[in-house]
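1. how would this look folded up:
(4 chains)
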Number of protein chains: 2
Amino acid sequence: MTANLSKVHNLAWRKFLTAHTVLIDQIEQDLAAADLPPLGWYDVLFALSQASEHKLRLHELAQAVLLSRSNITRLVDRLESKGLLQREQCSRDRRGAFAVITQAGFAMLERMWTVYESAITRDFACHLNVADVKLFIKILNKITSSSNSEPEN
Amino acid sequence: MTANLSKVHNLAWRKFLTAHTVLIDQIEQDLAAADLPPLGWYDVLFALSQASEHKLRLHELAQAVLLSRSNITRLVDRLESKGLLQREQCSRDRRGAFAVITQAGFAMLERMWTVYESAITRDFACHLNVADVKLFIKILNKITSSSNSEPEN
DNA sequence: CTAAAGTGATTGTAACTGCAACCACTTTAC
DNA sequence: GTAAAGTGGTTGCAGTTACAATCACTTTAG
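-> Below you'll find the predicted structure:
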C-alpha cells in the first residue's frame, strides 16, 4: 500500500496531536492543583455512574475507558483502596467481578467534574460556536466510524 | 466561574478523546508489529531532522515534543544507547547539551515514517477530503491559539 | 462425562512517567 | 568581585503502564 499523505492532511494530524497533548496537560494540572486524582479516575467513575445499577464487569469497564485488562485491575485496585468503588462477586460467573461505585465515588465524581468541566469550557468549548462544534463532531465521526472505508480525497 | 458546558460541546470533547486514543493505539500497534520503537522516538528524531544542523538543545527538544525535562533526559538516553542520536557538549554554555541525530537515526526515522504514514493515511486522512481537512485545521486552530479568549457560543 | 479450548481477572516484571531534589553553571544586582 | 537568583540537565523515587504468564472458572466438542 502506497501511503500518499497530503501536506494538509499531515498538518491536520500534527495539530490534532498537539491540541490533545496541550489540553490534557492543562486539565491534569487543574485537577492536581485542586488536589484531585488524575483523569483516568474520572473516566472510571463516570462509566460506573452511567451503568445500570451503577456497576460494570471489569472487562466492560476496561472497554468503556479503552484500557487493557491488566491495567483496569490495578486502576480498580487504587479506586477501591480509596473507597470510591467496591468489588462485588459475580454470581453468574464465578471468575468475574463487578466494580460498583460508592457514595464516596459519586461525591468524587462530582468534585472532579466541577474542575474538569470548567477546564473543558475554558480551553475547548469556549472557542467553538455551535456550528463549529457540530462540524467538528461530524469530522470526528468520519474518522472513527468504520475503521476501513474508501478514500475520499 | 460558572462552567455551563453544552451537551454538544461535551459530546465533541468525548469524541475527540476517543478518536485520539483509538488512533494512537492503532499506530503504536502497527509500529510494534513492524518491530519499531514507539511514537515518542519518532517525534524526537523528526524534531532533530528538521532542526538546523540536525541538532537541538535538550530543553528545545523537550519543548518541541511537549515533554518534561526529566522525561527528555531519559528518552534521549534511550535513543542514544541505540545509536540513533548523540549528545554533544555545548561550547557557549557548559551546562548545556545538544542532541544530534545520527545516520542510523535518519534511517530509523525513515523506516518509522513508512509505517506511521500509512497508518495516518488509512485511519485518519482517508476519511477526510480536502475541504474537511481544512475545516478541521481551522477548528483546531481556534482551540489551540490564544489559550484564553472570549467565549463564542 | 471428560478433555481441550476459551474467557475473566490477577500477578510478575520491566519499562516509562512525573515530581521534587539536586548539581553545575550562568546571569543579575549590589 | 561576590552573593543571590535563575537556568540546563540529571537523578531518586514512587506511581503507572504494557506484556506475558498464570489461575480459576466456563464453554465447546467428542
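
2. the spatially most central residue of chain A: which element?
-> In chain A, the C-alpha nearest the mean C-alpha coordinate belongs to residue A:43, at 4.8 Å (Cα atoms, centre = their mean). Using DSSP states H and E, residue A:43 falls within helix A:39-50.

3. average pLDDT across that helix?
-> Helix A:39-50 shows a mean pLDDT of 96.

4. is DNA strand D within reach of the helix or strand that that helix is followed by?
-> With elements assigned by DSSP H and E, the helix or strand that comes after helix A:39-50 is strand A:55-57. No. Among the residues of strand A:55-57, none lie within reach of DNA strand D under Cβ under 7 Å from any atom of the strand; the closest is 12.6 Å away. Every C-beta, even on glycine, is put in place using the N, C-alpha and C of the backbone.

5. give me the sheet partners of strand A:55-57 and which way each runs.
-> The sheet places strand A:55-57 alongside strand A:97-101 (antiparallel), with pairing taken from DSSP bridges.

6. give me the helices and strands touching the helix of greatest length in chain A, please.
-> As assigned by DSSP state H, the longest helix anywhere in chain A is helix A:7-33. Counting contacts by 3 or more Cβ pairs under 8 Å, 6 or more residues apart in numbering or on different chains; DSSP states H and E, helix A:7-33 packs against helix A:39-50, helix A:103-123, helix B:7-33, helix B:103-123, helix B:130-144.

7. most tightly packed of those helices?
-> helix A:39-50 (a mean of 20; mean count of other Cβ atoms under 10 Å in any protein chain shown).

8. quick one: is that helix near DNA strand D?
-> Yes. Part of helix A:39-50 sits near DNA strand D under the criterion Cβ under 7 Å from any atom of the strand, namely residue A:40.

9. and chain A, which of its residues are near DNA strand D?
-> Checking chain A against DNA strand D by Cβ under 7 Å from any atom of the strand, the hits are A:38, A:40, A:67-68, A:70-71, A:74-75, A:78, A:93-95.

10. columns distance to chain B and secondary structure on top of those residues, output as TSV?
-> Output for the residues of chain A next to DNA strand D, formatted as TSV (distance: Cβ to the nearest Cβ, whole Å; DSSP: H, G, I helix; E, B strand; the rest coil):
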residue	distance to chain B	secondary structure
A:38	14	coil
A:40	11	helix
A:67	9	coil
A:68	10	coil
A:70	15	helix
A:71	12	helix
A:74	18	helix
A:75	15	helix
A:78	20	helix
A:93	27	coil
A:94	31	coil
A:95	26	coil
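
11. from these, which two are the most distant?
-> Spatial extent of the residues of chain A next to DNA strand D (Cβ to Cβ) is set by the pair A:38 and A:94 at 32.5 Å.

12. who's more crowded, those two?
-> Remark: of residue A:38 and residue A:94, residue A:38 carries more neighbours, 12 against 8, as counted by other Cβ atoms under 10 Å in any protein chain shown.

13. which residues touch the more buried one?
-> A:28, A:31-32 (Cβ atoms under 8 Å, 6 or more residues apart in numbering or on different chains).

14. and the helix holding residue A:43, what does it pack onto?
-> Against helix A:39-50 (3+ Cβ pairs under 8 Å, 6+ apart) you get helix A:7-33, strand A:55-57, helix A:58-64, helix A:69-81, strand A:85-89, strand A:97-101, helix A:103-123.

15. relative to chain B, how far out is residue A:63?
-> 12 Å (Cβ to the nearest Cβ, to the nearest Å).

16. what is the neighbour count of that residue?
-> Neighbour count for residue A:63, taken as other Cβ under 10 Å: 14.

17. pLDDT value on it, please?
-> Predicted confidence (pLDDT) for residue A:63: 92.

18. for residue A:153, same thing?
-> At residue A:153, pLDDT is 42.

19. same check on residue A:4?
-> Per the predicted model, pLDDT is 80 at residue A:4.

20. you'd agree it is up against residue B:121?
-> Yes. Counting by Cβ atoms under 8 Å, residue A:4 touches residue B:121, with 6.8 Å between them.

21. coming back round to it: adding pLDDT, write the contacts of residue A:38 out as JSON lines.
-> Output for these, formatted as JSON lines (pLDDT from 0 to 100):
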{"residue": "A:28", "pLDDT": "93"}
{"residue": "A:31", "pLDDT": "93"}
{"residue": "A:32", "pLDDT": "92"}
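
22. can you narrow those to ones near DNA strand C?
-> Near DNA strand C, by the rule Cβ under 7 Å from any atom of the strand, you find A:28, A:32 out of these.

23. which one of the contacts of residue A:38 is nearest DNA strand C?
-> Closest approach to DNA strand C among those (Cβ to the nearest atom of the strand): residue A:32, at 5.4 Å.

24. cool, thanks, talk later.
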